[in-house]
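Novice: coords please:
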Amino acid sequence: MINKIVGRLSNLSIKQQLIGIALIILITDLFIILNIPILRQIFAFLTFTLVPGFLIVAILKLDKLGFAEKFVLSVGLSVAFLMLVGLFINEVYYAVGYKTPLSTYSLMISFSLIILLLCYLIYKRNVDKNFGVPELEFKNKTERLLFLIPLTFPLLSVLGNYLMNTRDNNMITLFLLLLIPMYLILVAFLGYKVPKQAYPVAVFTITLSLFLIYWLTSNHIFGADAHVEYYTFQITKDNLYWSVENFYNLLNTCIGVSLLPVIYQSLIGFNINNEYIFKLFYPVIYSVSALSAYFISKKYIKNDFYALIASLLFVSQYVFITNIRTYIALFFFSIAIMVFFNNKIIELKRRLLFIIFSILIVLSHYATTYILLFLCFSVLLLVFISRRLNLGKIDEIKLTGTMIILLFTLMFFWYAQITETPFNTGLDFIKMTVNNLNSLFVEDVRDESMQIVLGQSTYIESLDTVQEMKFVTTYLTLIFIGIGVLNLAYWYIKSTIKNDFEGLNNFDSVFIFITISAFIVAVIMVVLPFISVGYSSFRLYSQVLILLDTSFILGAIYISNIIKIKTRWVLLVVFIPYFMCAIGVIPEIAGSASTPFYLSSNSTQDDQFHVYEQESVSIKWISENRDKNNIIYGDYTSSVRMISQSNGKLYEQGGSMFSLKKVTSQKDYYIILGHYAVMKGIVYNDWGHKLDAVHNVTEYSYLFINKNKIYNNGGSEFFYYFNR
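Specialist: Okay, the predicted model is just below:
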């Protein structure tokens, strides 16, 4: 049935297919105008997240790319289209007097006209090849089953979240997290019987299911910076216009969380929960990053299963980042790297695409841009050294000094001239890192994110058996990566000495150089302690892992050759325990203190990341009923929740969000106790899971003597002190 439909679509002429796309645009616009529930949301999201990029790929005539690679580029270029064209509409329309350029009709009409223009350009460019859609070819029921199993993962994820949120039952979620490694074992066992189409589908659906588990556990935004990111979105949405002056904050300059979600909200509709733009639609976009990692590894490893494991190693870090702007930046970074090393794209188009995605990285996240700039400069430096010392053949350089200068110019223009704050923050970060070099071997200086990367516990005082297992499996992955990087360096040196570059085994010198540069970044992350304080090691490691996951496979190949065991089994023996520890299956089964919040309502993590409904209701109540001149005191996590759950009202009013330990009696004030304080007697004086951040609420019992309890909904309380 599906193949018949695909066959008919493929047999249509390019003109007929373009007419079909134009009709899809018009139908989508009709659903938006009539505001038809469900159809508007589905069509608006899919159409504007796929069609613009799909047409740009056609205009560029990237015919040598496979369907899955075109899918990745289509999503990447579509999101780039929405951000760049959306920013242009925002500035130009406002400049000519239209004060709400991000309104529904403004965006819908503008985007639709541009997309129709792209269709016309394709037709006029005499593109003689239609949009071919591959048919699904299965030799037997086993191949069909291996393809269909991963398609159930997102459905199980959504159902598992529903049961966890409504009945505190994690059985389906736990089943899914056990089913994923079982599927990997089955794929490894069957080998050549697995259809080629199943691998990219498995990468995407596994990643999406993990994202949905993580982000749909609560009905609300969770994390730390995520609450401020959500607030920047709310400000832009309320004004239907983005400007740095709307909210002069570092996060507002990242238009992936301030401008892009407003564009989606305008197209999808304002009658749906605003928070689900971040929690439901964004994870679909993020999941494409794993496919980029898959294709990067597959290019050099030439093995679908190995590339699958490499991409999932990246996902096991990437999926648990709590800063939304980082996801958007890594999404563009992963596609930029995929494009950069894709020889199926001619050099000029490759550079053009790399520059486009680099621009989007600049607009999305300052720290990710700085790391990209460091990697590019390091590659150019290593190429220069190799040529000066005549170390051997250097492949045709894909990265030029002009491209780096352009990247730096864009970065300087956006960060220093337009938005200012990110550039100053970057300079301060470098200065503080240099000033803290004397703390090189002081462990306490390192942030807790470094402990997570290294597989150490931040929840309990001493390692239990589960934490020891996580520690060992994490270090095994790091050892494999180190061995892989050393192998690459050895192959290059050996090829140089013998002047025989066939020995590089499909690896070009530039990829070797950028992998070494990424490894250097990872080493610096560990060696320089302030790096992990100024910028989360968790995020930094996720970024370089896009390059280093291939080295993980190379390390496994090297080890398997020594111990005479097939590489796929060596990979699984190391990766599956690591994966199951990372996603929380083993901690949950063993009853460990480090069980993640999406598997246990008693998790320590749950206190800080999960916003309970009672807290949301109470914060909305106080934002409407409090005396705006009086301060609200609470612990750290209650403070950040006030930003998003009050729709920014408490943030705008100022004077709120102070620590309990700073309570003064100079004037009237409020005190909030969140769900974890009311139900578990726990408060946090700092963000994170370090033991010195966790306090018992009884330590602050003196604050509640002779105080009036003005609100209590069973999961959150407010007290009011009258200074009379």
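Novice: Now do the buried residues in the one helix or strand residue 466 maps to.
Specialist: According to DSSP states H and E, residue 466 maps onto helix 465-498. Across helix 465-498, burial judged by 16 or more other CB atoms under 10 Å covers 466-467, 469-471, 473-474, 476-478, 480-488, 491-492, 495-496. Just so you know, the C-beta spots here come from the backbone N, C-alpha and C atoms, and that holds for glycine as well.
Novice: ditto for stretch 349-361
Specialist: Buried residues in stretch 349-361, counted by 16+ other CB under 10 Å: 350-351, 353-361.
Novice: chain center to it: distance?
Specialist: Here stretch 349-361 is found 19 Å from its chain centre; the criterion is CA atoms, centre = their mean, to the nearest Å.
Novice: Could you give the average pLDDT over stretch 612-629?
Specialist: If you average the pLDDT over stretch 612-629, you get 84.
Novice: now do stretch 694-707
Specialist: The average pLDDT within stretch 694-707 is 77.
Novice: what does it contact?
Specialist: Contact partners of stretch 694-707, identified using CB atoms under 8 Å, 6 or more residues apart in numbering, comprise 633, 635, 660-661, 663, 671, 673, 677, 681-685, 719-721.
Novice: Now the terminal residues of it, how far apart.
Specialist: Stretch 694-707 stretches 24 Å from its first residue to its last (CA to CA, to the nearest Å).
Novice: middle-most residue in this protein, spatially?
Specialist: What sits nearest the mean C-alpha location of the chain, by CA atoms, centre = their mean, is residue 327, with 2.4 Å.
Novice: As PDB, could you dump the C-alpha coordinates of stretch 41-61?
Specialist: Included here for stretch 41-61 are C-alpha records, laid out as PDB according to Å, rounded to 0.1, in the frame of the first residue of the first chain:
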ATOM      1  CA  GLN A  41      -1.000  22.200  14.500                       C
ATOM      2  CA  ILE A  42       0.100  19.100  12.500                       C
ATOM      3  CA  PHE A  43       0.100  20.700   9.000                       C
ATOM      4  CA  ALA A  44       1.600  24.000  10.200                       C
ATOM      5  CA  PHE A  45       4.500  22.300  12.000                       C
ATOM      6  CA  LEU A  46       5.300  19.700   9.400                       C
ATOM      7  CA  THR A  47       4.800  22.000   6.400                       C
ATOM      8  CA  PHE A  48       7.000  24.800   7.600                       C
ATOM      9  CA  THR A  49       9.600  22.500   9.200                       C
ATOM     10  CA  LEU A  50      10.100  20.400   6.000                       C
ATOM     11  CA  VAL A  51       9.000  22.200   2.800                       C
ATOM     12  CA  PRO A  52      11.200  25.300   2.700                       C
ATOM     13  CA  GLY A  53      14.400  23.200   3.200                       C
ATOM     14  CA  PHE A  54      13.200  20.500   0.900                       C
ATOM     15  CA  LEU A  55      12.800  23.100  -1.900                       C
ATOM     16  CA  ILE A  56      16.200  24.700  -1.100                       C
ATOM     17  CA  VAL A  57      17.800  21.200  -1.400                       C
ATOM     18  CA  ALA A  58      16.100  20.900  -4.800                       C
ATOM     19  CA  ILE A  59      17.300  24.300  -6.000                       C
ATOM     20  CA  LEU A  60      20.900  23.400  -5.000                       C
ATOM     21  CA  LYS A  61      20.500  20.100  -6.900                       C
END
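Novice: gap between it and the chain center?
Specialist: Offset of stretch 41-61 from its chain centre (CA atoms, centre = their mean): 21 Å.
Novice: Enumerate the positions of it that are buried.
Specialist: 41, 43-45, 47-58, 60.
Novice: So the nearest residue in space to residue 149 that is not next to it in sequence versus residue 205, what's the distance?
Specialist: Of all residues not flanking residue 149 in the chain, residue 183 sits nearest, at 5.9 Å (CB to CB, 6 or more residues apart in numbering). Noted for residue 183: a distance of 10 Å to residue 205, by CB to CB, to the nearest Å.
Novice: who touches both of those two?
Specialist: residue 150.
Novice: Which residue of those two possesses the greater neighbour count?
Specialist: residue 205 (21 against 17; other CB atoms under 10 Å).
Novice: Show the contacting residues for the nearest residue to residue 246 once chain neighbours are set aside.
Specialist: Distances taken as CB to CB, 6+ apart put residue 235 closest to residue 246, at 5.0 Å, once the chain neighbours are dropped. By CB under 8 Å, 6+ apart, the contact set of residue 235 is 246-247, 252, 258, 648.
Novice: In helices only, show me those residues.
Specialist: Counted as lying in helices by DSSP state H, out of the contacts of residue 235, are residue 258.
Novice: Name the nearest of the contacts of residue 235 relative to residue 296.
Specialist: residue 258 (29.4 Å; CB to CB).
Novice: so the closest one makes contact with residue 244?
Specialist: No: counting by CB atoms under 8 Å, residue 258 stays clear of residue 244, with 9.4 Å between them.
Novice: Could you list which of the buried residues of stretch 41-61 belong to helices?
Specialist: Using DSSP H, those in helices are 41, 43-45, 47-58.
Novice: Between residue 258 and residue 244, which has more neighbouring residues?
Specialist: residue 258 (27 against 14).
Novice: ok, the nearest residue to the more buried one once chain neighbours are set aside - how many residues close by?
Specialist: For residue 258, ignoring the flanking residues on the chain, the nearest one in space by CB to CB, 6+ apart is residue 232 at 4.2 Å. Neighbour count of residue 232, defined by other CB under 10 Å: 27.
Novice: so is residue 232 in a helix, a strand, or just coil?
Specialist: Classification of residue 232 by DSSP: H, G, I helix; E, B strand; the rest coil places it in helix.
Novice: and it, what is it in contact with?
Specialist: Contact analysis of residue 232 by CB under 8 Å, 6+ apart lists 247, 249, 251-252, 254, 257-258.
Novice: Please tell me how far it sits from residue 251.
Specialist: Taking CB to CB, one finds residue 232 at 5 Å from residue 251.
Novice: Please enumerate the shared neighbours of those two.
Specialist: In contact with both residue 232 and residue 251: 257-258, using CB under 8 Å, 6+ apart.
Novice: neighbours around residue 182, how many?
Specialist: For residue 182, the number of neighbouring residues by other CB under 10 Å comes to 12.
Novice: now the one 4 residues further on
Specialist: Using other CB under 10 Å as the criterion, residue 186 is surrounded by 14 other residues.
Novice: Isn't it up against residue 146?
Specialist: Yes: contact criterion CB under 8 Å: residue 186 and residue 146 qualify, at 7.4 Å.
Novice: okay, now the domains of this structure?
Specialist: 2-124, 141-219+273-434+446-590, 611-721 (automatic domain parsing).
Novice: Show me how far the shortest one is from its chain's centre.
Specialist: Think domain 611-721. On CA atoms, centre = their mean, the centre of domain 611-721 falls 30 Å from that of its chain.
Novice: Please apply the same query to the longest one.
Specialist: Here the centre of mass of C-alpha atoms in domain 141-219+273-434+446-590, compared against the chain's by CA atoms, centre = their mean, lies 11 Å away.
Novice: again with stretch 46-64
Specialist: 22 Å.
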